[in-house]
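*Asks:* Could you work out the structure for the sequence below:
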Amino acid sequence: MAPKASTSSRAWDGLTPSLSQWTLDAVASMGFTRMTPVQASAIPLFMAHKDVVVEAVTGSGKTLSFLIPVVEKLLRLEDPIKKHHIGAIIISPTRELASQIYQVLLSLLEFHPASAAAIHPPEGDAPRPKSSSSVLKVVPQLLLGGSTSPAEDLSTFLKKSPNVLVSTPGRLLELLSSPHVHCSQSSFEMLVLDEADRLLDLGFKDDLQRILCHLPKQRRTGLFSASISEAVDQIVRVGLRNPVKVAVKVKGGAGAEDKRTPASLQMTYLTTPSAHKYSILKQIVTTVQPTPQKSIFFVSTCSSVDYLAIILPIILGNEFLLVPLHGKHAANVRQKNFTRFTTSTTPSILLTTDVASRGLDIPSVDLVVQIDPPSDPKTFIHRCGRAGRAGRRGLSIVLLHPGREEDYVSFLEVRKTPVVSYSLPESPSDSDAAAATQLVRNTILKDRALHDKGQKAFVSWLRSYSKHQAASIFRVADLDWEALGRAWGLLKLPKMPELRNFTGDKTLGVSMEWDNYAYKDKQREKRRKEVMEEAAQGDGNQKQDSRKRHAVENASWSHNLESREKKLQRKELKKARKDQERWEQLPEEEKQKALETERMVKEIRQKNEQQLLSERSGNANPLMVQVVATNSRGSTRTVMPFFIISAS
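*Replies:* The predicted model follows:
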């Protein structure tokens, strides 16, 4: 474990080994007067030829913690790196984060004359400065899937001969597979995995193993993340040699437990009825003081982003610029929208999925609202950490439905991520929610395509909800379907298996002529009418199908019930087989994670039941609950004891 960095030792010019003068000028121009704790601990170790595993809270300055050592190391070599040889590689899980790292690296190299000249050669007929191959310089290349083809990346590599690659795993592996790209022992120095646990969560484990096969074993490796998982520990054992672990955490106060988020970030929850799920957002953004200039709203699916990007401006009004961003956007759209949000000078909201929950250093984010709690609980702190970065005050709010979902608060407490209740000056009334629903429906009624988007988004949201790791807290059976449908502004509930036994009003109180409900797009509307005419005319097969449906509808009630029961049994058996097959195919660490999550939820449920019994019996003695984790070898350890005191 690395020693703690004191405040007095955090001056940039006090590092050992010392930094180059141009590096000091660069960090000063970026506004960094002194190092953060993680920088003061990690930079000297990484520069002193140590492998490092750095775990630090979000917004703590991890990017410069690896960029400065990489650049300093390459510029202190005895000889320049050979043409088409690579000196360092930085791997990131997402295109946005890779682009951001690349831009910070360019800003750093602007202060090194030789590197700046190589990165920005003169255009046209302008005279080129004399450059010797013996001059040490750093030339980076950014590799992103979706923006350029592998052939274009290779062409750029051969033309510019970069010695530092910043990339996502898939595109990097394609480039390293070329015989023209060399990572020899004599040239390769450093490998950096940023947001290492996220790399593994996104299924890049096999790609990373293949990338490591292309690299020499004699190298320096750094893993940087806000949380180090068991899967990352496996990479540590394979790819690092006697690493030094740097863990920088935030004290929650005198005697308080270490927290995984910055001290300047206030993490809260807000319980709201299903019918107010979206109308309450206006109350939040208009009552937070001062008015948040940059906010991020997290939802669970890409389809939700597409639909909510239409209805939220109707609810919120024109005071805020709403920018959508998700992983299914084309690369150029993602980049355009991300830039639009970060450069906006008016109050702006980024509506996004977990694609923006990790690593992205979006400056000056004041507010994070998790409209949908994340399916993976450990993603919770990464979402929250988009606000409160670099010492800036931030507020994070997660929305929960009343009832069973409120157990999520205790669940987070067990995971050392405590949240407190958030209070609004005035909560929206049922009439406010109904008015918001009507505003949305008035817009939806103008174009059938918007109705289709809403149906698709609602189904995708439900599927995501049903797959939550804390399944005993987030239960589909407990959802208020009619209230949710109205909150979404739907004209009717979609047809889906989960509503098979629903006996409420699937029309959501909307009476309309569906045959006359048209698309704005003339081609789509023409096609819809053609399909209707074909169905009305009918051919022999359609008539036969109609007779079959009529026979089923007129069969005896007992016969239909028996058929439905048999069909349901077959579906349940099929689902059980698929679940078993899926479980058997899961990696061991994923099985352990799922079992641990379910065990912790069960522990919380038992704790709440014991507390309720204690209150009913008038027993005001404190109840101590000890959460015990079992690892894959069967040994146990206490995770966190806490007390529940029943109020008399």
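*Asks:* quick one: contacts for Ala26?
*Replies:* 107-108, 110-111 (Cβ atoms under 8 Å, 6 or more residues apart in numbering). For glycine as for every other residue, the C-beta is placed from the backbone atoms N, C-alpha and C.
*Asks:* Please repeat the previous calculation with a cut-off of 6 Å.
*Replies:* 108, 111 (Cβ atoms under 6 Å, 6 or more residues apart in numbering).
*Asks:* Could you do Tyr519 as well?
*Replies:* Contact partners of Tyr519, counting by Cβ under 6 Å, 6+ apart, are 448-449, 525.
*Asks:* can those go into a markdown table with extra columns for pLDDT, distance to Ile349 and neighbour count?
*Replies:* Output for the contacts of Tyr519, formatted as a markdown table (pLDDT from 0 to 100; distance: Cβ to Cβ, whole Å; neighbours: other Cβ atoms under 10 Å):
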| residue | pLDDT | distance to Ile349 | neighbour count |
| --- | --- | --- | --- |
| Arg448 | 94 | 27 | 19 |
| Ala449 | 95 | 24 | 15 |
| Glu525 | 92 | 33 | 15 |
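*Asks:* Sitting in strands, which of those do you find?
*Replies:* Nothing among those maps onto strands, per DSSP state E.
*Asks:* So what's the residue count around Glu596?
*Replies:* 15 (other Cβ atoms under 10 Å).
*Asks:* swap in Pro290?
*Replies:* Neighbours around Pro290, by other Cβ under 10 Å: 7.
*Asks:* go on, Ala457?
*Replies:* Neighbour tally, Ala457, other Cβ under 10 Å: 24.
*Asks:* how about the helices in the stretch 101-250 of the chain?
*Replies:* For the stretch 101-250 of the chain, applying DSSP state H, counting those that start in this stretch gives helices covering 113-119, 150-160, 169-176, 196-201, 205-214, 230-239.
*Asks:* and the ones you listed, which is most packed in?
*Replies:* Greatest average neighbour count among the helices of the stretch 101-250 of the chain goes to helix 196-201 (a mean of 24), per mean count of other Cβ atoms under 10 Å.
*Asks:* CA-only coordinates of that one in PDB, if you can.
*Replies:* What follows is helix 196-201 as a C-alpha-only set of coordinates in PDB (Å, rounded to 0.1, in the frame of the first residue of the first chain):
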ATOM      1  CA  ALA A 196     -10.400  -1.100 -15.600                       C
ATOM      2  CA  ASP A 197     -13.400  -2.700 -14.000                       C
ATOM      3  CA  ARG A 198     -15.700  -1.200 -16.600                       C
ATOM      4  CA  LEU A 199     -13.600  -2.700 -19.300                       C
ATOM      5  CA  LEU A 200     -14.400  -6.100 -17.900                       C
ATOM      6  CA  ASP A 201     -18.000  -5.400 -17.200                       C
END
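*Asks:* That helix packs against which elements?
*Replies:* Here helix 196-201 touches strand 220-225, helix 230-239, going by 3 or more Cβ pairs under 6 Å, 6 or more residues apart in numbering; DSSP states H and E.
*Asks:* between the ones you listed, which has the poorest average model confidence?
*Replies:* Ranked on mean pLDDT, the bottom entry among the helices and strands packed on helix 196-201 is helix 230-239, at a mean of 64.
*Asks:* What number of residues are in the vicinity of the closest residue to Cys384 other than its chain neighbours?
*Replies:* The shortest distance from Cys384 to any non-neighbouring residue, by Cβ to Cβ, 6 or more residues apart in numbering, is to Ser396 (4.0 Å). Using other Cβ under 10 Å, Ser396 has 27 other residues around it.
*Asks:* before we move on, what about the one 10 residues further on?
*Replies:* Counted with other Cβ under 10 Å, residues neighbouring Glu406 total 15.
*Asks:* Can you tell me the SS state at it?
*Replies:* Following DSSP: H, G, I helix; E, B strand; the rest coil, Glu406 is assigned to helix.
*Asks:* Likewise for Lys282?
*Replies:* helix.
*Asks:* That one and Glu482: what is the separation?
*Replies:* Separation of Lys282 from Glu482 (Cβ to Cβ, to the nearest Å): 22 Å.
*Asks:* so what are the domain limits for this structure?
*Replies:* 7-120+136-248, 260-499, 595-644 (automatic domain parsing).
*Asks:* Nearest to Gln569, out of the ones you listed?
*Replies:* domain 260-499 (14.8 Å; Cβ to Cβ).
*Asks:* For the stretch 1-150 of the chain, give me the ranges with low pLDDT.
*Replies:* 1-9, 58-59, 122-133 (pLDDT under 70).
*Asks:* quick one: which of the helices of the stretch 101-250 of the chain is nearest Ile310?
*Replies:* Comparing those by Cβ to Cβ, helix 196-201 comes nearest, at 29.6 Å.
*Asks:* So for that closest one, mean pLDDT?
*Replies:* Here the average pLDDT along helix 196-201 is 74.
*Asks:* Please tell me how far it is from the chain's geometric centre.
*Replies:* 11 Å (Cα atoms, centre = their mean, to the nearest Å).
*Asks:* do the same with stretch 586-593
*Replies:* Mean-position distance between stretch 586-593 and its chain equals 20 Å (Cα atoms, centre = their mean).
*Asks:* Same question for stretch 386-406.
*Replies:* That offset, for stretch 386-406, works out to 14 Å (Cα atoms, centre = their mean).
*Asks:* Make JSON lines from the contacts of Tyr519 and add distance to Gln141 to it.
*Replies:* What follows is the contacts of Tyr519, written out as JSON lines (distance: Cβ to Cβ, whole Å):
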{"residue": "Arg448", "distance to Gln141": "47"}
{"residue": "Ala449", "distance to Gln141": "41"}
{"residue": "Glu525", "distance to Gln141": "48"}
